[in-house]
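1. how would this look folded up:
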Amino acid sequence: MNWMTFSGPEIFYFGASLWFLLLTFTAKPESVNSGARGRTYLTAIFLASAGILVCLASVHAEGWLFIKAYKVDPFSQVFKTLLSLGLFLIVCICGQMTDIDERRHNEFFFLLFSCTLALMLLVSADHLLSIYLSLELSSYSLYILVALRKRRAQGLEAGIKYFLIGSFASAIMLFGMALLYSTCATAYLPEMAKVLPGMIGAPAVVTGLVFTLGGFFFKLAVFPFHSWAPDTYQGAPNQVAAYIATASKVAGIAIILRVLASAGQGSPYLVHILVILSVVSMTLGNLAAIAQKDLKRLLAFSTVAHSGYVLLAVLVMDASAYSAAIFYAVAILVMKFTAFMVVVELAPDGRNLRIDELAGLHRRSPLMALALLVALFSLAGIPPTIGFTGKFLIFTAAIQKGYVALVIIAMINVVISLYYYLLVIKAAYLLEPARTLPPLVLSFPKRLLAGLSIVTIVVAGFCPYWLIQIAQAAAQPLILGR
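-> Residues are numbered from 1 along each chain as shown. A predicted model of the protein is given here:
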């Protein structure tokens, strides 16, 4: 087997993270200057952009590694490409990381690339043990990234809360995996797919599946594993919060789809549990977001609500729903990044941005105001945006399966979300600042990035056919692997 063909992205990102690790050992604290910071950032940009090319080059690879504990297929390769794109976008907004100590920039990029490597391992993991190890590696990288904030009180508190809730979710997941292994007599997902449909009604199997999914629900911020999200988003550096809201969520969707695909059509008990979690997540997230004054906390509760929409696709458990969930993963990546890009640009000192601080944004930077408007409209599901198309695909798949009442509840939640998104847009376009603020000066790369984000959100919503085809192709291994 050609390892470079089947695991090229993993080898590349392992080498990139190793490079930054070596820099942390060799760089002297007293030698940190603007030139060294610039070289570190340019190196990260180069490696992140090269990583996209490596993932694209191996997108058609298929095979197994490590005694079939690691599966390379179109599903995993599409998600690895999304993760590489997510990393590149986050690195693009890391040019001025004033809220992370200058002496820790090498460590920051080391952890960022290591976490991306772990997420890539996660989406290809085809064995319970490899899933657990990949998930833990990514989680511990994020715990440290959150705590790296220069405002140590905020960063450490958020990091500790994130770690404690993550440890609890990890313990539940490990217990669930033990139950699945004891009942199925195998830890391989393909082997489990052969026996689970016939014993899916057994209490031990349902409990094992739900507990195992608990670790993935933590990654996706699904109720009741959501309580870390608002505090972590608020306490983390803006760039780290953006990474958690984008790449981490994409990987969470991938592993939930892969594990649940092995359960066949699922048991009524499992479906009922997923229905309850979906309704509570989307309702709680939207209602809690209304009361938020901090923009990052609002986006955190928005993430909880969107996890409910994702579960609506997951519980349907058929080809159209899987492809809709994959499409929505792309939508979350683009929408959340665009929103956080505005946060980073408006708070160059790394502070948390309040909603009222958006006042007068349409005068200071019409482009950033437009990017925020398009991103929020897309998050709310206003046509013709990628968010609208993603929700439409999910709702259509659910209606075809007979979940009409659940879709009505989801649509009510969409209306609720529109209210608090409009409050943010109102602040950016209609409120006047308390004092005169200078225009927001954007470099050409930042203007280009904002313009491309706007165009992508609109074009992918208006002409989604090519993206839907990719999502359908990526979902095929989940159906054929049953």
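
2. helix or strand right after the lowest-mean-pLDDT helix or strand in the chain?
-> Using mean pLDDT, DSSP states H and E, helix 3-6 stands out as the lowest-scoring helix or strand of the chain, at a mean of 54. With elements assigned by DSSP states H and E, the helix or strand that comes after helix 3-6 is helix 8-26.

3. How far does that next one sit from its chain's centre?
-> Put simply, helix 8-26 sits 22 Å off its chain's centre (Cα atoms, centre = their mean, to the nearest Å).

4. Give the other helices and strands that that helix contacts.
-> helix 34-57, helix 105-124 (3 or more Cβ pairs under 8 Å, 6 or more residues apart in numbering; DSSP states H and E). C-beta: built from backbone N, CA, C; applies to glycine.

5. Where does pLDDT dip in the stretch 201-350 of the chain?
-> 264-267 (pLDDT under 70).

6. Tell me which stretches of it form strands.
-> Assigned by DSSP state E, counting those that start in this stretch, the stretch 201-350 of the chain shows no strands.

7. for it, what spans make up the helices?
-> Taking DSSP state H, counting those that start in this stretch, the helices of the stretch 201-350 of the chain run over residues 203-220, 228-235, 238-245, 247-261, 268-290, 295-314, 319-346.

8. ditto for the stretch 351-482 of the chain
-> 361-364, 366-380, 386-401, 404-429, 444-462, 465-480.

9. still on that earlier bit, pipe the helices of the stretch 201-350 of the chain into CSV and attach mean neighbour count and distance to residue 146 per row.
-> Below are the helices of the stretch 201-350 of the chain laid out as CSV (neighbours: other Cβ atoms under 10 Å; distance: least, Cβ to Cβ, whole Å):
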stretch, mean neighbour count, distance to residue 146
helix 203-220, 22, 14
helix 228-235, 24, 6
helix 238-245, 28, 6
helix 247-261, 24, 11
helix 268-290, 20, 20
helix 295-314, 27, 12
helix 319-346, 25, 15
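
10. right, so of the ones you listed, which gets closest to residue 80?
-> Nearest to residue 80, of all the helices of the stretch 201-350 of the chain, is helix 247-261, at 9.3 Å by Cβ to Cβ.

11. what about the closest one, distance to the chain center?
-> That offset, for helix 247-261, works out to 9 Å (Cα atoms, centre = their mean).

12. report the angle between the axes of it and helix 203-220?
-> 160 degrees (axes from the mean of the first three to the mean of the last three Cα atoms, to 10 degrees).

13. ok and helix 247-261 relative to helix 465-480, angle-wise?
-> Using the same axes, to 10 degrees: helix 247-261 against helix 465-480 is 40 degrees.

14. what is the orientation angle of helix 247-261 with helix 105-124?
-> Using the same axes, to 10 degrees: helix 247-261 against helix 105-124 is 20 degrees.

15. Export the helices of the stretch 201-350 of the chain to JSON lines and append columns for distance to residue 68.
-> Below are the helices of the stretch 201-350 of the chain laid out as JSON lines (distance: least, Cβ to Cβ, whole Å):
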{"stretch": "helix 203-220", "distance to residue 68": "19"}
{"stretch": "helix 228-235", "distance to residue 68": "34"}
{"stretch": "helix 238-245", "distance to residue 68": "31"}
{"stretch": "helix 247-261", "distance to residue 68": "14"}
{"stretch": "helix 268-290", "distance to residue 68": "26"}
{"stretch": "helix 295-314", "distance to residue 68": "25"}
{"stretch": "helix 319-346", "distance to residue 68": "22"}
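
16. out of the helices of the stretch 351-482 of the chain, which comes closest to residue 175?
-> helix 465-480 (25.3 Å).

17. Identify each buried residue in the closest one, please.
-> Across helix 465-480, burial judged by 16 or more other Cβ atoms under 10 Å covers 467-468, 470-472, 474-475, 477-478.

18. repeat for stretch 57-68
-> Those would be 58-59, 61, 64-65, for stretch 57-68 by 16+ other Cβ under 10 Å.

19. Return the distance of that stretch from the chain's centre.
-> 23 Å.

20. what is the mean pLDDT for it?
-> For stretch 57-68, mean pLDDT is 78.

21. That one: end-to-end distance?
-> With Cα to Cα, to the nearest Å as the measure, stretch 57-68 spans 22 Å from end to end.

22. ok, now stretch 285-302?
-> Stretch 285-302: ends 6 Å apart by Cα to Cα.

23. Please compute how far that stretch lies from its chain's middle.
-> Worked out by Cα atoms, centre = their mean, stretch 285-302 lies 17 Å from the chain centre.

24. can you check stretch 10-27 too?
-> Counting by Cα atoms, centre = their mean, stretch 10-27 comes out at 23 Å from the chain centroid.

25. Show the residue spans covered by the helices in the stretch 51-200 of the chain.
-> 74-92, 105-124, 128-147, 152-184, 189-199.

26. so what secondary structure elements neighbour the last one?
-> The reference is to helix 189-199. Helix 189-199 packs on helix 152-184, helix 247-261, going by 3+ Cβ pairs under 8 Å, 6+ apart.

27. Okay, buried residues for that helix please.
-> 189, 191-193, 196-197.

28. Those into JSON lines, with extra columns for pLDDT and distance to residue 157?
-> Shown next, in JSON lines, are those (pLDDT from 0 to 100; distance: Cβ to Cβ, whole Å):
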{"residue": "189", "pLDDT": "80", "distance to residue 157": "37"}
{"residue": "191", "pLDDT": "81", "distance to residue 157": "43"}
{"residue": "192", "pLDDT": "80", "distance to residue 157": "39"}
{"residue": "193", "pLDDT": "76", "distance to residue 157": "42"}
{"residue": "196", "pLDDT": "76", "distance to residue 157": "41"}
{"residue": "197", "pLDDT": "74", "distance to residue 157": "45"}
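
29. for those, which one is nearest residue 280?
-> Comparing the buried residues of helix 189-199 against residue 280 with Cβ to Cβ places residue 196 closest, at 25.6 Å.

30. That closest one contacts residue 262, doesn't it?
-> Yes: in this structure, residue 196 is within contact of residue 262 by Cβ atoms under 8 Å, at 6.0 Å.

31. what's the closest of the helices of the stretch 51-200 of the chain to residue 207?
-> helix 152-184 (5.9 Å).

32. Run the angle between that closest one and helix 228-235 for me.
-> Using the same axes, to 10 degrees: helix 152-184 against helix 228-235 is 150 degrees.

33. Buried residues, helix 152-184. List them.
-> 154-155, 157-159, 161-163, 165-166, 169-170, 172-174, 176-177, 179-180, 183-184.

34. what about residue 95, neighbour count?
-> Residues contacting residue 95 under the criterion other Cβ atoms under 10 Å number 18.

35. excluding its backbone neighbours, what's nearest it?
-> Nearest-residue entry for residue 95: residue 41, 5.8 Å, with adjacent residues in sequence omitted and distances by Cβ to Cβ, 6 or more residues apart in numbering.
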